[in-house]
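Enquirer: would you be able to build a 3D model of this:
(4 chains)
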Protein chains: 2
Amino acid sequence: MASIKDVAAEAGVSVATVSRVLNDHPSVSADARTRVLAAVETLGYRPNAVARSLRTDQTHTLGLVISDVLNPYFGELARSVEEEARALGYSVIIGNADERPDLQDHHVRNLLDRRIDGLLVSPTDGGSPLMLDAVRAGTPMVFVDRWIPGVAVPVVRADGRAAVRDLVAHLHGLGHRRLAIIAGPAATTTGQERVAAFREALQAYGLELPEAYIGQGDFQAESGRRVTEGFLDLPEPPEVVFAADNLMALGALDAVRARGLRVPEDLALAAFDDIPWFVHTDPPITAIAQPTGDLGRAAVRALVDRIEGRPPESVTLPARLVVRRSCGENPNPVQRSTS
Amino acid sequence: MASIKDVAAEAGVSVATVSRVLNDHPSVSADARTRVLAAVETLGYRPNAVARSLRTDQTHTLGLVISDVLNPYFGELARSVEEEARALGYSVIIGNADERPDLQDHHVRNLLDRRIDGLLVSPTDGGSPLMLDAVRAGTPMVFVDRWIPGVAVPVVRADGRAAVRDLVAHLHGLGHRRLAIIAGPAATTTGQERVAAFREALQAYGLELPEAYIGQGDFQAESGRRVTEGFLDLPEPPEVVFAADNLMALGALDAVRARGLRVPEDLALAAFDDIPWFVHTDPPITAIAQPTGDLGRAAVRALVDRIEGRPPESVTLPARLVVRRSCGENPNPVQRSTS
DNA sequence: GGAAGCCGTGTAATCGATTCCACAAGGAGG
DNA sequence: CCTCCTTGTGGAATCGATTACACGGCTTCC
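Expert: Down below sits the predicted model:
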């Protein structure tokens, strides 16, 4: 593959001049410029990004470490991150942590070794020494969706409090009083917050959230199934299950079906994180939708701001409730064709 | 960040010795080795992958260019690719081409500039000059899922012929005679093949595939909707629609619903590419399932074989039919709880 | 007419690793 | 005791770019 030296030889100039043309430095004669460009053309020359990175100490690459690419929420996040990064001249290397702190560390280490310019992380845990060291060492970093408390890193996330209040109002309006939640891992901020928001919203209606109605999940479908089975085995099962993410909601749906029960007649169901498929499930599932694309884009902008020396900003966007049929009678029956 | 020179100074040896220790070269005294390792430890030294790549001309990175990360099929493919690559010591940079040849070229160029060791591509078109040049220049490459005819590059894919025959047998057995297909882009091999396989299977039952029953889609949901509406407007609409991918099937489902019609009573539906959500749609959708994870892993192994000088192998794995309820009466009613 | 400044260009140092080659020390063998 | 090999080590070239510095040739101004 042709190098800058070959181009210089072909054009009859020095490598310095070639470099100047390529980085359109002002002081280069029109004559030299055209000769260099011609040489570039005939040789099919493309600058070696590796060599350039070594010299400039910039890779124009961002790292994105998320917990589960198969979760459509993170899939959409990854997509918007890549798009915005590309628009700003950066590439993205994605690491899938699978909710495992050791895998997360593996990816962070690997990305740091590759000297990525900045790191976008949705942490699976409270922060490993490695990650804290990286922050301390000054690696540009931004947290998306989840974050690590007490670490001075900008956070881009959605606030679901209002939407959870709307959800509880909706459920209460439908007559439900025994509400349960399938929580995410306590080590994640989203795991904790959603339970807290739910409890708070219940209190506004004088409702309790008993321990038995808090099931411990791990954001994967299987845990949703397990927890839901536990709920159904209770002497007094809940009337509604609120899953803290979409995958666990799916597991819950499976569990209900497996017993020959029906949603929402026997057990109502709602989920955090909306996805296109929720429109098509039987029944369509009521969910809290995050502005995922906006989050991804905002996160990239914050990170690139930080990388390029501008002050980065934390961003919090509101989530919103999308009512469908999985919690009971549609509140807006005019829209439905008769069953 | 500490460099190899700092380590050498700290350990009181030359950089050559440090490098030898790090690459565990045999001729290094036990004494020097321990001193170097101690220095590495105290400085928290990590080798600069960029510098190493420049010198060795290996990045230990693979490029993966796919057409749509939001499609769960490609999401799963990307995940298995990343897993297998990691197991073999490689990282993966993913490029999303969005079915657009220009974007595909952008990613290929970017990846080549970064001197990735090899490229995994699921081409959106018949092959741009850029891609053909890359092959000619000897860039290790493997095609996954789709390929470009006439190009000497190993292909890893699923063969759906047998499964399509099974599907047509299933449909015929249910009494359906007017079968239509929503095709993928003619520029993709999968787009063409699935139509060909469908037509062939129909012939075995003496059935025709008239032009009016071949709708041109682009593997995106919206096109599935549009084509299905066209089918429904025909003087004699089909009894079954077979969508060449999962997203178009979803669009078809939407279109049927929007008219107040029902699946499968008014129109039966089947899809190529199975996804977890198809179990939960209303009704559950009959689909042809590819061994996606196996494809991803096989593709990575073939590519790494090629990179490391072993002869790479093309791989074809069979897809299989998964019958659910979207084409009519369940052939195995014992399994169902009464409606 | 000479000093000062600008413009375009080339030489060479540099980034952080790997690796060829030279060389010193020490043991084996004649 | 001298030669020859082996073993461990360091010096320096190298990968392909960027960029500080120097320099030659011109213009400009006093």
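
Enquirer: hey, where'd the strands end up in the stretch 1-150 of chain A?
Expert: A:61-66, A:91-96, A:118-121, A:141-144 (DSSP state E, counting those that start in this stretch).

Enquirer: in space, what's closest to residue A:45 - neighbours in sequence excluded?
Expert: Counting by CB to CB, 6 or more residues apart in numbering or on different chains, residue A:45 lies nearest to residue A:2, which is 4.6 Å off, once chain neighbours are set aside. Placement of C-beta: from N, CA and C, glycine included.

Enquirer: ok, the one you found - contacts?
Expert: Applying CB atoms under 8 Å, 6 or more residues apart in numbering or on different chains, we find residue A:2 in contact with A:43-45.

Enquirer: ok, back up a step: TSV for the strands of the stretch 1-150 of chain A, including distance to residue B:325, mean pLDDT and mean neighbour count?
Expert: Listed next are the strands of the stretch 1-150 of chain A as TSV, based on distance: least, CB to CB, whole Å; pLDDT from 0 to 100; neighbours: other CB atoms under 10 Å in any protein chain shown:
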stretch	distance to residue B:325	mean pLDDT	mean neighbour count
strand A:61-66	34	96	26
strand A:91-96	33	94	23
strand A:118-121	41	97	27
strand A:141-144	39	97	25
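
Enquirer: could you point out which of the ones you listed sits nearest residue B:121?
Expert: Proximity to residue B:121 (CB to CB) singles out strand A:91-96 among the strands of the stretch 1-150 of chain A, at 16.4 Å.

Enquirer: that closest one near chain B at all?
Expert: Yes - using CB under 8 Å from any CB of the partner chain, we find that strand A:91-96 touches chain B at A:91-96.

Enquirer: stretch A:105-115 now?
Expert: Yes - with CB under 8 Å from any CB as the criterion, chain B is reached by stretch A:105-115 at A:106, A:109-110, A:112-115.

Enquirer: how about the helices in the stretch 51-200 of chain A?
Expert: Taking DSSP state H, counting those that start in this stretch as the criterion, the stretch 51-200 of chain A contains helices spanning A:72-87, A:101-113, A:129-136, A:161-173, A:189-203.

Enquirer: any buried residues in the first one, and which?
Expert: If I follow you right, that is helix A:72-87. For helix A:72-87, a neighbour-count test (16 or more other CB atoms under 10 Å in any protein chain shown) marks A:72-86 as buried.

Enquirer: now it and strand B:91-96, what's the angle there?
Expert: 80 degrees (axes from the mean of the first three to the mean of the last three CA atoms, to 10 degrees).

Enquirer: angle of helix A:72-87 against helix B:101-113?
Expert: If you take the same axes, to 10 degrees, helix A:72-87 sits at 80 degrees to helix B:101-113.

Enquirer: helix A:72-87 and chain B, are they touching?
Expert: Yes - Helix A:72-87 reaches chain B (CB under 8 Å from any CB) through A:72, A:75-76, A:78-79, A:82-83, A:86.

Enquirer: could you single out the nearest of the residues of strand A:91-96 next to chain B to DNA strand C?
Expert: Nearest to DNA strand C, judged by CB to the nearest atom of the strand, of the residues of strand A:91-96 next to chain B is residue A:93 at 18.9 Å.

Enquirer: which residues does the closest one contact?
Expert: Neighbouring residues of residue A:93 by CB under 8 Å, 6+ apart: A:61-64, A:111, A:114, A:116, B:91-93.

Enquirer: can I get the residues you listed in CSV with distance to residue B:187?
Expert: Listed next are the contacts of residue A:93 as CSV, based on distance: CB to CB, whole Å:
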residue, distance to residue B:187
A:61, 31
A:62, 31
A:63, 34
A:64, 30
A:111, 35
A:114, 35
A:116, 35
B:91, 30
B:92, 25
B:93, 24
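
Enquirer: near chain B, which residues of the stretch 201-339 of chain A show up?
Expert: A:221, A:250, A:253-254, A:260, A:276-277, A:279-283, A:337.

Enquirer: please pick the buried ones from those residues.
Expert: Buried residues within these, counting neighbours by 16+ other CB under 10 Å: A:221, A:250, A:253-254, A:277, A:279-283.

Enquirer: nearest to DNA strand D among those?
Expert: Of all these, DNA strand D sits closest to residue A:277, with 45.9 Å by CB to the nearest atom of the strand.

Enquirer: quick one: that closest one and residue A:225, what's the gap?
Expert: Look at residue A:277 and residue A:225: by CB to CB, to the nearest Å, they are 17 Å apart.

Enquirer: ok, residue A:302 next?
Expert: From residue A:302 to residue A:225 the distance is 37 Å (CB to CB).

Enquirer: can you tell me the closest non-neighbouring residue to the residue of the stretch 151-300 of chain A found nearest DNA strand C?
Expert: For the stretch 151-300 of chain A and DNA strand C, the shortest gap (CB to the nearest atom of the strand) falls at residue A:153, measuring 24.4 Å. Nearest residue to residue A:153 in three dimensions, chain neighbours excluded: residue A:141, at 4.9 Å (CB to CB, 6+ apart).

Enquirer: what sits against the one you found?
Expert: Going by CB under 8 Å, 6+ apart, residue A:141 touches A:118-121, A:134-135, A:153, A:303, A:306.

Enquirer: okay if I get those as TSV plus distance to residue A:128?
Expert: Shown next, in TSV, are those (distance: CB to CB, whole Å):
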residue	distance to residue A:128
A:118	18
A:119	13
A:120	17
A:121	11
A:134	10
A:135	11
A:153	14
A:303	20
A:306	21
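
Enquirer: could you pull up phi and psi at the residue in the stretch 201-339 of chain A that DNA strand C sits nearest to?
Expert: Using CB to the nearest atom of the strand, residue A:307 is the residue of the stretch 201-339 of chain A that sits closest to DNA strand C, at 17.8 Å. Comment: the main-chain dihedrals of residue A:307 come out as phi -60, psi -40, following degrees, to the nearest 10.

Enquirer: now do the contacts for it.
Expert: Residue A:307 touches A:117-118, A:140, counting by CB under 8 Å, 6+ apart.

Enquirer: what of residue A:41?
Expert: No residues are in contact with residue A:41 under the rule CB under 8 Å, 6+ apart.

Enquirer: neighbours of residue A:138, how many?
Expert: When neighbours are defined as other CB atoms under 10 Å in any protein chain shown, residue A:138 has 8 of them.

Enquirer: same question, residue A:319
Expert: When neighbours are counted by other CB under 10 Å, residue A:319 registers 24.

Enquirer: ok, the contacts of residue A:2 vs residue A:57, which is closest?
Expert: For these, the nearest to residue A:57 is residue A:45 (23.1 Å; CB to CB).

Enquirer: give the contact list for that closest one.
Expert: The contact partners of residue A:45, by CB under 8 Å, 6+ apart, come to A:2-4, A:6-7, A:39.

Enquirer: and which of these is nearest to residue B:180?
Expert: Within the contacts of residue A:45, proximity to residue B:180 (CB to CB) peaks at residue A:2, which comes in at 52.1 Å.
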